[in-house]
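Enquirer: Got a predicted structure plus its sequence, pasted below:
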Amino acid sequence: MPGPFYQVLYHINDQAEAGLNALAPPRAVRGMGVTTPKTQFDNDEAAARYYLARVMGNDLRPAVRGVTADERPEVVPDMQLRGVRDQPLTGTKLVGFEQTLASIPIFGSKATVELDKKRDLVSINAQVAQVDQIPLVPSISQKEALASIAKFVGVDPGKLESKVTQPSQLTFFHDESDDSWHLAMQFKKIPFAPADFGKEMAESKGHGMGRSPRDDFPIFDYLVDAHDGKVLFYYSNAPMVARCTGVDELGAAQTFFGEKLLDGFELQDALRRLKTYDLQRADLLSAFPNRPIHNPTAKFTITSAVSAHVNASRVYDFYKSVLMRDGVDDKGMELISVVNCTYSADEPPPQWHNAVWYDNRMWYGQVNDGNGGFRSYSRYLDVIAHELTHGVTQFTAGLVYKNQSGALNESFSDIFGVIINNWYTVGADSKTDGWNWEIGPGLGKQGLPLRDLSNPKRTGDPDHMKEYHTTSGDNGGVHTNSNIHNKAAYNVLTAKGADGQPVFPPRDVAVLYYLSLSRLGSLATFSNAFQALIDVAKTFYSGDDDGPGPKVKVIADAYAQVGILPPS
């Protein structure tokens, strides 16, 4: 149990059939020759509450089971609805709840229930707490609590009280400093910052080139102990997003989002949920840093960190704006980048020739530059897009990393690595005539790239199924055989019609391959990927004047050129 909360996780794909049956809505027994149909839920909340109660009721931990009601478990009385949000690309809905005790919310608790179109359960992700016995009636008045805040921020109590526009709300708050629960009075949108906030903002350039109104007129929420009046916690009610600058690994000036804190700036983009850390050449298996990279001013000087932060935001933006995906897991997970990593199991520090997606984070090594310094792998946008797409694959098809399914795993990463890299270096929606088709330029043997989608033979790799390499090495040749599917994708991306114009805009190709990936099983073959692409194209182009047929034929020809045929 991390901190005060108990984690509750459930996903339909992880459950055995017995587990699924235990959670299924009840069916009436057969009687008089008539079968009563499955219980229908009238709304999303009712369905979500039912499943939440079933999952928590089957949990062996008393704190989790205690959230349900024995007499009416489907009600889950200690969960308050917070909203329902559609997920367009998955066709599911997220129903959000907050845990309560005696109708008082527990600060930081949450439960998210994912439902499909039939209101059947897809997943549950919840954090619930067991609050110790605390008197539920405040011992101080709102006026006394405001006086405590006034003293804390250094203003006259009357002045602060006159600015309060709404009454406080009770909440249960866990204080990490003494590992204890408190009944707190929460005051929202207080237009006064802590006493030392002004000093820290003196040199801030805020969100733009000049000062931001948020710097001069900060808004904070405060939690005050409802019994002794101590200010327990405070945080900015307005997002403290700050425009930051820095030079990246390629020597280019970059502008990006960080976060303004009381003691400076951090590489934390709250809009995209990006965080960038510095391991300072420590081993990636060592203790993790306790905060993102911090800087006293908005001008960051660690070039590897600037590249990692900027390139991660580019990959995030592409998946969000072009493919409507909410982060790597499509549920808004934090995207964490870690620079200046070493891995002594692979090679002695301070070098580490790698950049990998591992443990749901991006880790970047570095190499000597020949001048006494180092160059980070975070400079390669194509490699970063490749690695983060492994994360996307992990949360979609879950392609097994062996043989053809493993080669597909690598190939989809290469395809999106190339598309995303050119999207930002050549231009969004640009024609592919001027594209760079390399993955990891200069990182291969003899100064060659790791792979070349336009010419796999250049790196000694196959470009046709007749050259498929059967081996026990490299997990069944995943980095070699992936080039066959890479070449097919290259053929699709560069296909031209009789008029000499491209058949497919790169945006279309990105959507087609992304939707295809979502349809694949964990042991998919090249033929399965080809068939999924055809199926998606038939739907995607069904509104064309001449129907999907012409474009489907172009895709089929592109795959036939490398010997990939439909499943037999």
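Expert: Looks like it came in fine. Numbers count the residues shown, from 1 in each chain.
Enquirer: ok, now which ones touch S527?
Expert: 564-568 (Cβ atoms under 8 Å, 6 or more residues apart in numbering). For glycine as for every other residue, the C-beta is placed from the backbone atoms N, C-alpha and C.
Enquirer: what about D317, which SS state?
Expert: Using DSSP: H, G, I helix; E, B strand; the rest coil as the criterion, the local structure at D317 reads helix.
Enquirer: Give the buried residues for the lengthiest helix in the chain.
Expert: Secondary structure of the chain read by DSSP state H shows that its longest helix is helix 403-425. Neighbour counts over helix 403-425 (16 or more other Cβ atoms under 10 Å) mark 403-424 as buried.
Enquirer: quick revisit: can you name the two of the contacts of S527 that are farthest apart?
Expert: With distance counted by Cβ to Cβ, no two of these lie farther apart than I564 and S568, which are 12.2 Å apart.
Enquirer: Between those two, which has more neighbouring residues?
Expert: Between I564 and S568, counted using other Cβ atoms under 10 Å, I564 has the larger neighbour count: 22 against 4.
Enquirer: Wait, that one touches H485, no?
Expert: Yes - taking contact to mean Cβ atoms under 8 Å, the distance of 7.1 Å between I564 and H485 places them in contact.
Enquirer: Between these two, which contacts overlap?
Expert: With contacts taken as Cβ under 8 Å, 6+ apart, I564 and H485 have F526 as neighbours in common.
Enquirer: low pLDDT regions in the stretch 201-350 of the chain?
Expert: Per-residue confidence of the stretch 201-350 of the chain (counting by pLDDT under 70) places the weak regions at 201-218, 236-240, 262.
Enquirer: again, only this time at 50
Expert: Segments of the stretch 201-350 of the chain classed as low confidence (criterion: pLDDT under 50) are 201-215.
Enquirer: What segments of the stretch 51-200 of the chain are strands?
Expert: Counting by DSSP state E, counting those that start in this stretch, the segments of the stretch 51-200 of the chain that form strands are 79-87, 92-101, 104-105, 110-115, 121-129, 169-175, 180-190.
Enquirer: between those, which one is nearest to T470?
Expert: Of all the strands of the stretch 51-200 of the chain, strand 121-129 sits nearest to T470, with 37.6 Å by Cβ to Cβ.
Enquirer: same question for the closest one, mean pLDDT?
Expert: Model confidence over strand 121-129 averages 87 on the pLDDT scale.
Enquirer: mind checking the SS state of A242?
Expert: Following three-state DSSP, the label given to A242 is strand.
Enquirer: nope, E259 is what I meant
Expert: strand.
Enquirer: Tell me the spacing between it and T276.
Expert: According to Cβ to Cβ, to the nearest Å, E259 and T276 sit 11 Å apart.
Enquirer: go on, I106?
Expert: Using Cβ to Cβ, we find I106 at a distance of 31 Å from T276.
Enquirer: Those two - which one has more neighbours?
Expert: With neighbours defined as other Cβ under 10 Å, I106 and T276 compare such that T276 has more, 31 against 24.
Enquirer: Need the overlap of contacts for E259 and T276.
Expert: Q268.
Enquirer: Just the buried residues of stretch 131-143, please?
Expert: Neighbour-count burial for stretch 131-143, with 16+ other Cβ under 10 Å as criterion, is recorded at 131, 138, 140, 142.
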